[in-house]
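Visitor: any chance you can model this:
(2 chains)
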Amino acid sequence: MRHLSYRVTHRTVYRYASSVAVSHHLLWLRPRSMARQKCLEFSLEVAPEPESVAERHDYFGNHCAFVTVAGNHEELAVTTTSRVAVAPHFAPEPSESPAWEAARGQALTDRSNRGVEALEFTYDSPLIRANAAIRDYTQASFPGGRPTLEAGLDLTQRIFQDFTFDPTATDVATPLDRVFAERRGVCQDFAHMQIACFRSLGLPARYVSGYLETDPPPDAPKLVGADASHAWVALFCPGVGWVDFDPTNGCLPSLRHITLGWGRDYGDVCPMRGVIHGGGDHVLQVAVDVAAEGPVDLSRLASTDFEAEPLPA
Amino acid sequence: MPTPPPVTAPQPSVAGLFSDYQAPAGFYDEVFDEGRRPRPHWAELVARLGAHGEAELTSRWESGRRILINHGVTYNATEGDQARERPWELDLAPFVLSPQEWDFIERGAIQRARVQNLILQDLYHGPQRLLRDGFLPPALAYANPNFIRSCRGIPVPKGVHLHLSAIDLARGPDGCWWALDDRMQAPSGIGYALENRAIISRLLPQEFRALQVHRPNPFFAALRQTLTELAPSATMWPRIVLLTPGAHSPAHYEHALLARFLGFTLVEGGDLTVRDQRVLLKTVEGLQRVDVILRRVNDAMCDPLELREDSLLGVPGLMQAARAGNVLLANALGSAAAETPALLPTLPLLCRHLLGEDLLLPSTETWWCGEAAEKNHVLNNLDSLIIKRAFPTRRRETNSGSELSPEEQDRLRAQIQRRPHQFVAQTPVPLSHAPVWSQGRFEARPIVLRIYVAARGDSYVALPGGLTKVSPSSSNPVSGLQFAGGSKDTWILGSETSYRAEEPMRIETRPAERMLTGAPSRIADNLFWLGRYSERLEHTAHLIRAVASRLLDEFDSRAVQQIVALTRTLNILGVCPPPPAFFDPAWTEKTVLDLVYDAAPATGFPQLIARIQEIAAASRDRFSGDTWRIINGLRGFPGELPESLPLQRAQNLTHDLVASLASLSGMEMENMTRGVEWRFLDFGRRLERAHNLSSLFQAAFSGAAEDADALLNPILEICDSSMTYRHRYFSKPEFASVLDLLLCDKTNPRAVRFQLGVMAGHLRAFARKSGSRDELDQLAAISEELAPSAVRKIARSVGNGDLAGPAAGFQNLADRLLQVSVTLEGRYFNLVPPRRNIGKRLGS
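Guide: Numbers count the residues shown, from 1 in each chain, chains lettered A, B, ... in the order given. So this is what the prediction gives:
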């Protein structure tokens, strides 16, 4: 299988107005390895030197790191560097996928590991509550018997067209109802929106956190750090598995989307969050750089660490 | 011929006391059978209560209430949006169970806890077989906000998720017990059960002995033993803390009581911090390791890093410490997942599957709307059902279908249709009735029995009897509705076959060298401020009394001059508004009354008293019963502004207040262990006294020279040193000797230097632990300025009419004393600054 290799650098800097005595952080910043993505290298640097770093797999199998920084500090810098190989997404022709009603039916009855796992993503989650208005909006894309992926792609493009990208319209705490009413937001709002749509019909849908390689403006050199954290969605389709959709760009993700992890919503896989003691106000700077390195032949590399590790017992 | 008395009548006293007592038709009567004969296990108690007669029972009941008030036994009830502290309601008559019946309830409660523990094990540690094999509907976990995914994988020593668990039981009309509700994250009430027992066994001592009532001690010993054995570090004496949401939580009284009874440290979330994946307690001696947390904080509030961000009650990093195996949480986080009533219909099947036994205690009939057939039954029978949320989070919403209007019913039906798995419905159980002493007789009231079990080995032990909750009125007779507070002691009667040999409560005395002395910093902080505020209140009382007594006397020109000088001084001290240019008795009287009765000024009695109450309540577990009674007694002050003779009454009230405060400080000196906590309390008091005196002199010298002269007598009075002065100097007060007595006399417990000496002693003791001498150095510098030669110099200045120099000197002294306070607070109290959450959102 031909993979494309990327080097991703993600640097987050908090500058505090006054000294922070202790801070604890959770990081979901290490790309997951899975069938069509391999994390080849990963490093995490925290400055100042952290008192403890504990890595684990979370409930959904994502990598999560707990970090404590003790001792007064006015600035915290977290830098991760990853090399990730991404393979193309082999989804069937959307028009040939099973009817969406079948997808819902299977989620409700399948008690295999896969089925139970999918079922978990059909319920409301802390940040996503479907309602009748959202269901009505969704139904326009889901007439009876329409193939699941075709309907899903149609919904993706409708959200892309109906919603305006506007970083000033929302913040972390903006409820979904307002995003829906004002039709504005950023990638995580649109991802939440589409998940709510899918779940309003009883379809399993999850939130995917990751990066997107972006093009520089025409005739301009690509700027380091201009990329960003990104978020999109995945829908469970029987016989196919999880298929990604990117409502922010109105497309099916392929070689330019790099997955960090997934959960029910942003709250499960927020790239970085923390609690600080002291500190006052803070200024935040984030720089993400996704640099393509070219094709890579995975058969020449050792295969350790490629497969998704099992959940802790 | 007179009618002969009827021979078959019951004993007249019994008939009298119980004449109005009768459970309504359709409800089980706990005491009497259908023929109005006492049931066998009630017979003796009914006869004995009857033999006491009404007057005796009333007097005992009243003394019970007095004990409750004196002990300050309270719970904070929520009324509307307001939380109010109310006295705990305890009925005189215990609730009685026969040993046979108790044996059944105990086995049933233990069995239930074992099943629930296994369910939690499977959800959080096992392969979630129950979900995959169809024993548990997946929505019960996946749609359940109390199923905490990040708990999966956290080690749970010996598989014990539930260290302490509770169920509410109700007896239906047929005499059978039904389980209404399970409480698994932080069940409350065992402390109140303990208090109930302590009081009722004192009020009815003969009955208690004669009926061989089972004692609670083995249960508490088991709970402590289990927590000790499951502690992560292999120490004989793990540090166990009881985590309370704080002084405002409804059951704070019992948290303090339990902590004292079990020998655990009572802490709030802010007292704990996580370092290196370990939980540490902030103490005045630095950070100390915590091994076990018995929590009264709900799951979701325990860790603002991983759980609810807005929680002010939790400890950031706590889950990671548990995940690393460095602290035991009891109960294990995530336990609330099994509290869902949606589990009840499945419980008999799960019991069979997991234990191979039939479920002993049936649950009240429950339908979970997540199944289509059940949902339809509920939608068609709303009138006869109680509708609840399947996954209660903060509030437990309950609707009785029959009490809803047709419109409300339709709304509810629509809600159920929209999210069926979020709802359950239950058949109400008509609650059995028991006698409650009310206005000289017994009346029948509905009761619910709360049973507690604690983990021991691979099973559980039950608290004999538990807590009987009593409905506040005889209405409200069905299950599922919240009770507001009434309770009974619960007596399991002994019998030859079932009376268990008393296992004495082992008082686990720690070897002295293992004693964990570290007082939580918050407690030391509180006690320091309690010392400061009670001294400030006493000083204010003396200031007010000095003005009031002169106003009440026949005042001559000398008194007028003193009053004017005093009010000017009070104004400079910031205690009252500026006085008018000329003496105005009406203004002065109003100023005094405002300070005594008005809640507005920060410097008046009401606010100072409220502050003291608040601080004391937050460290309630540190006070003896007697001390608490005095603090509790301040509650009565100052009351309403009286209409007649207000000034006279204000004066009397001030005398009483001074006496109360004197008994409080006497209690501190004579009854408190001289540990680090006492030192902080006393340090606060001394610092405040020294500061008050410096400010008083500063204010006295800031006005005119004749004011300063007029103030000499009042100052001696305010400083409680008039007697000493007369004894020592046999003369009219003059500056040199007054300053000598109140500033440098090391033998006068009111003098500034005396305070400095005592403070230095405390600081030396603190320095032995902390190794820091900064405050001692600050204090030594202050002390030098109060050497006799320096004070003589001040007196000479005053004698020469130069007041500005001394005034500035006293200002400087007051400022430097406050500086000592700031240094001390920074070193011992503020170990970790307040916290906030930071998160970021995505950029694209």
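
Visitor: dump the C-alpha coordinates for the longest strand anywhere in chain B into PDB.
Guide: Across chain B, the longest stretch assigned as strand under DSSP state E is strand B:441-456. Output of strand B:441-456 as PDB, limited to C-alpha atoms (Å, rounded to 0.1, in the frame of the first residue of the first chain):
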ATOM      1  CA  ARG B 441     -49.400  12.100  71.900                       C
ATOM      2  CA  PHE B 442     -48.400   9.700  69.200                       C
ATOM      3  CA  GLU B 443     -49.500  10.300  65.600                       C
ATOM      4  CA  ALA B 444     -49.100   8.000  62.600                       C
ATOM      5  CA  ARG B 445     -46.600   9.100  60.000                       C
ATOM      6  CA  PRO B 446     -45.200   7.400  56.900                       C
ATOM      7  CA  ILE B 447     -41.600   6.100  57.200                       C
ATOM      8  CA  VAL B 448     -38.800   5.000  54.900                       C
ATOM      9  CA  LEU B 449     -35.900   2.900  56.200                       C
ATOM     10  CA  ARG B 450     -32.400   3.600  54.900                       C
ATOM     11  CA  ILE B 451     -30.000   0.700  55.300                       C
ATOM     12  CA  TYR B 452     -26.200   1.000  55.000                       C
ATOM     13  CA  VAL B 453     -23.700  -1.700  54.300                       C
ATOM     14  CA  ALA B 454     -19.900  -1.500  54.400                       C
ATOM     15  CA  ALA B 455     -17.500  -3.700  52.500                       C
ATOM     16  CA  ARG B 456     -15.700  -6.300  54.600                       C
END
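
Visitor: next helix or strand past it?
Guide: Using DSSP states H and E, the helix or strand that follows strand B:441-456 in sequence is strand B:459-462.

Visitor: parallel or antiparallel, list what pairs with that next one.
Guide: Paired strands of strand B:459-462, with direction, are strand B:441-456 (antiparallel) (DSSP bridges).

Visitor: show the average pLDDT along the partner strand.
Guide: For strand B:441-456, mean pLDDT rounds to 94.

Visitor: try stretch B:104-121
Guide: Per-residue pLDDT over stretch B:104-121 has a mean of 97.

Visitor: which residues of the stretch 201-350 of chain B lie near chain A?
Guide: Taking C-beta under 8 Å from any C-beta of the partner chain as the criterion, the stretch 201-350 of chain B approaches chain A at residues B:273-277, B:304-306, B:316-317, B:320, B:323-324. Heads up, the C-betas are built off the backbone N, CA and C, glycines and all.

Visitor: which ones among the residues you listed map onto helices?
Guide: B:320, B:323 (DSSP state H).

Visitor: give the buried subset of the residues of the stretch 201-350 of chain B next to chain A as a PyMOL selection command.
Guide: A single PyMOL command selects the buried members of those (16 or more other C-beta atoms under 10 Å in any protein chain shown):
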select buried, chain B and resi 273+274+275+277+304+305+306+316+317+320+323+324
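
Visitor: quick one: which of the residues of the stretch 201-350 of chain B next to chain A sit in strands?
Guide: Using DSSP E, these in strands are B:273-275.

Visitor: ok, residues contacting stretch B:749-757?
Guide: With C-beta atoms under 8 Å, 6 or more residues apart in numbering or on different chains as the contact definition, stretch B:749-757 has outside contacts at B:686-687, B:689-690, B:693-694, B:719-721, B:724, B:741-748, B:779, B:782-783, B:786, B:813.

Visitor: pLDDT weak spots in the stretch 1-150 of chain A?
Guide: By pLDDT under 70, the low-scoring segments of the stretch 1-150 of chain A are A:1.

Visitor: actually chain B, not the one I typed
Guide: Within chain B, the segments meeting pLDDT under 70 span B:1-15, B:76-85, B:234, B:394-396, B:474-485, B:495-518, B:831, B:839-844.

Visitor: where does the stretch 501-650 of chain B get nearest to chain A, residue-wise?
Guide: Nearest residue of the stretch 501-650 of chain B to chain A (C-beta to the nearest C-beta) works out as residue B:521 at 13.9 Å.

Visitor: now do the contacts for that residue.
Guide: B:271, B:282-284, B:828-831.

Visitor: redo that, cut-off 6 Å
Guide: Applying C-beta atoms under 6 Å, 6 or more residues apart in numbering or on different chains, we find residue B:521 in contact with B:282-284, B:829, B:831.
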